[in-house]
Every structure is written in C-alpha cells, then in structure tokens.
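Chemist: Fold the stuff below for me.
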Amino acid sequence: MTSSRQLPTRTLARPAPGSAFLFVLSTVACIAGLVATYWFFVQTATGQFIDESALVEAVDIHGPAGKAATQFLDWLPTISLVMAAVVVLFVTVIRRHWAEAGIAVAACIAANVATQVLKDLLPPRPDKGVLTLELNSLPSGHTTLAASAAAAVFLMASPRWRPMAGFVGGTFAIASGASTLINQWHRPADVVAAFLLVGAFMIPAGWLILRRGSWNEWDGFGQHLGSARIWLALPVLIGLASAGVAVYSLIRIAPSPWQETSTTNYFWAGISLIVIAGYLATVATTSLFAFAARRRDAPRL
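Modeler: Sure, this is the predicted structure:
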C-alpha cells in the first residue's frame with residue numbers, strides 16, 4: 001500500500017481589480033514630478049533662489065543639530081543596509097519568498113544606480129543670476145539610499161504590517177533628507193527628487209510582488225497593530241503642520257509693509273517641503289498598496 005503526500009501550495013490572492021491602472025498612474029506621477037522638480041528648482045531663477053536660500057540659511061542652524069546630522073549621515077549607509085538586509089532576509093528565509101526578495105533588492109539597486117547616472121548626465125545648473133554652485137547635485141544619493149532601503153522593507157512586509165512600515169520608513173527617509181540640508185550637502189529639491197526617483201522604481205516592483213499573490217491579503221485597517229489607522233493619521237497631521245510652518249515662514253518675507261529680512265525662513269520652508277513630500281509619498285503609497293491588497297473574505301481569482 002502506498003501513500004501520497006501533497007506538497008503545500010501557495011494560495012493566490014491577486015491584486016484588487018483596477019489597481020494596475022493606479023500603479024501605472026502613480027509611476028507616471030513620480031516621473032512627471034521628478035521632471036517638474038528639476039525644471040522649476042534648476043531651470044528657473046525663482047526655483048534656484050528658493051532652493052539656494054534654504055541651503056545658505058542652514059549655516060545658522062548648523063551647530064549641535066549639525067553635529068547630530070553629521071553623525072547620523074555617517075551611519076546612514078550602514079543603518080540602511082542592515083535594516084533592509086535583516087527584514088528582507090527574514091522574510092525570504094522564513095517565508096521562502098525568494099523571487100519577491102529578488103525583485104525588491106533589484107529595484108533598490110536600480111534606484112541607487114539611476115541616482116548616480118542622473119547626477120553625471122544632468123548638465124550643470126544654468127546661470128539664472130542666482131549665486132550658486134554650478135555643479136549638479138540632484139538627486140540626493142544619501143536620501144535615495146535611505147528611501148530605497150525603507151521601500152524594500154515596505155514591499156517585503158505583509159499587508160497588515162505595511163502601514164506601520166510605511167510610516168517608520170518614511171520618517172527615516174525624511175530624517176535622512178533633512179540631515180543633508182542641515183549639513184549643507186544638498187538642497188531641498190535634491191531630496192524631493194530622490195523621493196520621486198525611488199517611487200518610480202519601487203512602485204512597479206511592488207506591483208510585480210503583489211502579482212505573485214503569495215501573501216497579498218489582509219483584514220483591513222484597524223485589525224492589527226501594524227495596520228492601525230494612526231499610521232496614516234500621523235503623517236497627514238505632521239504634513240499639515242509642516243505646511244503651516246512653510247506658509248508662516250514665507251508670509252513673513254513676502255512683499256508687504258511688514259516684510260522681514262529672511263534669516264532662516266527659507267531654511268524652515270525647505271525642511272517643510274521635505275517633510276510634506278516625504279509624508280505625502282508615505283500616505284499615497286500606503287493607501288495604494290492597501291487598496292491593491294485583497295481582503296480575506298474577497299473572492300480569489
């Protein structure tokens with residue numbers, strides 16, 4: 001008498017209908033945003049002035065904050081690589097998601113290579129009458145490294161952990177970008193461009209991972225610590241507060257009878273731009289992947 005043993009098979013939970021269009025639209029939006037960021041902040045006098053003023057005014061902030069930022073940036077490559085490696089290896093080995101890990105790592109590497117290629121290919125900053133270094137610094141390599149590592153962790157997390165992973169990873173990437181401005185390594189636009197570049201690579205990679213459908217299902221928001229709605233509410237609130245800081249900083253130096261001479265206004269506006277862009281990307285990406293993930297009680301394709 002012989003007995004047969006059936007091998008376990010993966011349960012497929014394909015992305016929600018209509019999500020493919022949203023992923024394509026999001027990728028196109030990232031590319032368009034990257035082009036628009038470069039055009040406004042590099043090719044126009046107004047953009048150059050705002051960007052350069054934020055960089056110059058960072059001198060007044062540099063001190064204890066600068067020392068802390070320097071130490072953080074020195075450790076950033078190690079932190080990013082260890083963070084991504086631990087999570088990706090854990091998910092790969094424990095859950096045997098070898099192909100998914102390969103996709104996430106490949107997209108991460110591609111985003112960082114593309115950053116260096118863009119830096120070399122983009123021409124020097126044109127002379128628009130603004131006193132600035134001509135050397136192109138867009139996008140920020142440190143920010144790309146941090147954001148792509150955080151994105152790799154996000155992609156490899158299960159749907160119920162992605163909202164929390166998105167907030168923590170987004171905060172890490174924002175802190176990295178803000179530190180480059182405090183240290184006068186990069187302008188705000190360089191950081192925003194890095195966010196958009198990472199999105200252009202990691203969103204399509206996420207779609208490929210979701211298409212494999214091996215663990216793309218959850219119970220929805222609020223059913224687990226990692227999927228609590230607070231992880232969406234926090235970046236929205238922080239982003240709104242940052243928008244308020246930006247408006248207040250710029251109003252004080254806008255032409256009016258009460259106009260002030262800027263000392264750190266452009267700097268705080270630049271920091272706010274980084275925070276707003278980072279958390280907007282966090283909320284949009286988390287919402288996109290939440291929509292694409294199948295509910296456990298939904299019919300499977």
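
Chemist: What distance do you get for the spatially most central residue of the chain to Ala290?
Modeler: For the chain, Phe195 is the residue whose C-alpha lies nearest the centre (Cα atoms, centre = their mean; 4.3 Å). Here Phe195 is placed at a distance of 20 Å from Ala290 (Cβ to Cβ, to the nearest Å). To be clear about C-beta, it is placed using only N, CA and C from the backbone, and glycine gets the same treatment.

Chemist: hmm, back to that, which residues sit in contact with the residue nearest to the centre of the chain?
Modeler: Shown in contact with Phe195 (Cβ atoms under 8 Å, 6 or more residues apart in numbering): Thr143, Ala147, Ala173, Gly177, Ala277, Gly278, Ala281.

Chemist: how many other residues sit next to the last one?
Modeler: When you say that, I think you mean Ala281. For Ala281, the number of neighbouring residues by other Cβ atoms under 10 Å comes to 26.

Chemist: that older thread, and the residue nearest to the centre of the chain, what element?
Modeler: helix 188-212 (DSSP states H and E).

Chemist: List the strands paired with the helix or strand that that helix is followed by, with their directions.
Modeler: Downstream of helix 188-212, the first helix or strand assigned by DSSP H and E is strand 217-218. If you go by DSSP bridges, strand 217-218 pairs up with strand 294-295 (parallel).

Chemist: ok, now which ones touch Leu155?
Modeler: Glu100, Ile103, Ala104, Ala107, Met202, Ala205, Gly206, Ile209.

Chemist: Give the residue spans of the stretch 51-200 of the chain that score low on pLDDT.
Modeler: Scanning the stretch 51-200 of the chain with the threshold set as pLDDT under 70 gives 62-69, 93.

Chemist: tell me the helices in the stretch 51-200 of the chain, going along the chain?
Modeler: 64-95, 98-121, 141-156, 162-182, 188-212 (DSSP state H, counting those that start in this stretch).

Chemist: by contact count, what packs against the longest one?
Modeler: Which is helix 64-95. Applying 3 or more Cβ pairs under 8 Å, 6 or more residues apart in numbering; DSSP states H and E, we find helix 64-95 packed against helix 98-121, helix 141-156, helix 162-182.

Chemist: From Ala32, how far out is the residue lying closest to Thr180 once chain neighbours are set aside?
Modeler: Excluding the flanking residues, the one nearest Thr180 by Cβ to Cβ, 6 or more residues apart in numbering is His186, at 4.1 Å. Computed as Cβ to Cβ, the His186 to Ala32 distance reads 22 Å.

Chemist: neighbour count winner among the two?
Modeler: His186 (25 against 12).

Chemist: In this structure that one contacts Ser137, no?
Modeler: Yes - here His186 reaches Ser137: they are 5.7 Å apart, a contact under Cβ atoms under 8 Å.

Chemist: Just to check, Cys108 is in contact with Ser148?
Modeler: Yes - the criterion here is Cβ under 8 Å, and Cys108 meets it with Ser148 at 4.4 Å.

Chemist: any residues in contact with both of these two?
Modeler: What both Cys108 and Ser148 touch, as defined by Cβ under 8 Å, 6+ apart, is the set Phe201, Met202.

Chemist: and Leu25, what element?
Modeler: Counting by DSSP H and E, Leu25 is found in helix 19-43.

Chemist: Give me the residues contacting that helix.
Modeler: 46-48, 50-51, 122, 125-126, 128, 136, 138-139, 187-189, 192-193, 196-197, 199-200, 203-204, 206-207, 210, 284-285, 288, 291-292.
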